[in-house]
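In: predicted model and sequence follow; I will ask about them next.
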Amino acid sequence: MFSLDRLRALDAVAAHGSLARAAQALHITPSGVSQQLAKLEREAGHPLLEPDGRSVRLTHAGRVLAGHAARVLSQLSDAEADLADLSEEILGPLRLGGVGSSLRSLLPDVLAGLTAAHPRLTPTVVDGEAVDLVPRLLSGDLDLLLIESWDSRPMPVPAGVAVRTLVVEDVEVALSARHPLADRAELGLAELAGAVWASCPEGTEPYEALVQALRGSGLEPEVRYPVTEYATQLAFVARDLTLALVPRMAQRPCPPGVRFVPVRPRLRREVRAAWRAHHPSPSVRACLTLLERQHDAP
């Protein structure tokens with residue numbers, strides 16, 4: 001009989017494409033993943049991996065077994081959710097993650113409402129970027145995310161993840177009040193040639209959205225300040241060191257001396273809830289309900 005831990009390792013390699021990324025998603029070492037797969041190969045009686053340059057890929061037998069592993073793990077998740085549904089009380093862990101601005105703006109009231117209504121629920125929260133959080137959602141390490149998608153660079157949604165849009169908001173350019181364009185009612189991105197930019201680090205949704213938006217206006221951005229927190233970006237903007245593209249939700253707190261100007265063409269960001277699509281737990285459904293009520297409230 002195949003071990004669930006070994007099937008989970010194979011499923012992670014199939015989902016993430018490498019031993020290193022699978023190990024990161026499972027929170028074990030790459031050698032730990034290799035050991036699990038070596039044992040699984042002996043159990044299966046077939047090689048499951050083959051070299052692919054400096055990495056590895058699944059063999060035909062590996063792909064066949066990975067398909068079965070995905071179905072087994074999905075059924076196990078269904079069983080856990082069904083058992084949770086046997087109780088009317090919502091309890092136990094609810095592991096949440098999200099980008100900082102959405103956590104700060106949307107989550108405090110929701111968590112207060114959830115814990116008041118369900119005192120045996122134990123939510124935990126981590127912040128981060130979608131590029132790091134989505135693999136943790138897929139691996140089962142997190143239950144629900146608040147992620148972002150910009151219209152200049154829509155975020156791809158992996159198979160097995162469901163999303164629901166909670167907020168659609170404008171993105172504006174942040175300039176120092178001393179900047180010669182700070183008093184404009186609107187700015188075309190093409191007018192910002194030669195500007196120095198701050199953004200979240202390379203590979204994140206805000207960074208890639210900035211790059212695509214500026215390239216769409218014929219500019220190649222110089223991102224000199226790749227920092228995660230919008231508050232830090234705005235501190236640099238206030239000293240007239242840089243510009244930044246900042247969604248409405250992330251514009252507070254803001255230091256004195258910063259102006260926000262709408263851009264042309266219009267740029268917007270969606271904040272979305274994301275969860276594993278198959279049979280969400282009662283606690284995830286309760287959290288989604290409160291998130292939607294908060295968004296719909298006048």
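Out: Yes, it's here.

In: hmm, who's touching the host helix or strand of Val56?
Out: Taking DSSP states H and E as the criterion, Val56 maps to strand 55-58. Strand 55-58 is contacted by residues 13-14, 17-19, 48-50, 66 when judged by Cβ atoms under 8 Å, 6 or more residues apart in numbering. Where you see a C-beta, it was placed from the backbone N, CA and C, and this is true even at glycine.

In: do the same with stretch 153-163
Out: 130, 134, 137-138, 147-149, 205, 208-209, 211-213, 272-278, 280.

In: could you rerun that using 7 Å?
Out: If you take Cβ atoms under 7 Å, 6 or more residues apart in numbering as the criterion, stretch 153-163 is touched by 130, 134, 137-138, 147, 149, 205, 208-209, 212, 272-277.

In: max pairwise distance over these: which two?
Out: Gln212 and Arg276 (28.2 Å; Cβ to Cβ).

In: about what we covered before: give me the buried subset of the contacts of stretch 153-163.
Out: 130, 134, 137-138, 147, 149, 205, 208-209, 272-276 (16 or more other Cβ atoms under 10 Å).

In: which of those lies closest to Gly257?
Out: Using Cβ to Cβ, these come closest to Gly257 at Ala209, 25.2 Å.

In: what residues does the residue lying closest to that closest one once chain neighbours are set aside make contact with?
Out: Distance criterion Cβ to Cβ, 6 or more residues apart in numbering; nearest residue to Ala209, sequence neighbours excluded, is Trp150 at 3.4 Å. Trp150 sits next to 205, 209, 269 when contact means Cβ under 7 Å, 6+ apart.

In: what about 8 Å?
Out: Here Trp150 is in contact with 171, 205-206, 209, 213, 267-270 (Cβ under 8 Å, 6+ apart).

In: what's across from it in the sheet?
Out: Beta-bridge partners recorded for Trp150 (DSSP bridges): Arg153, Arg269.
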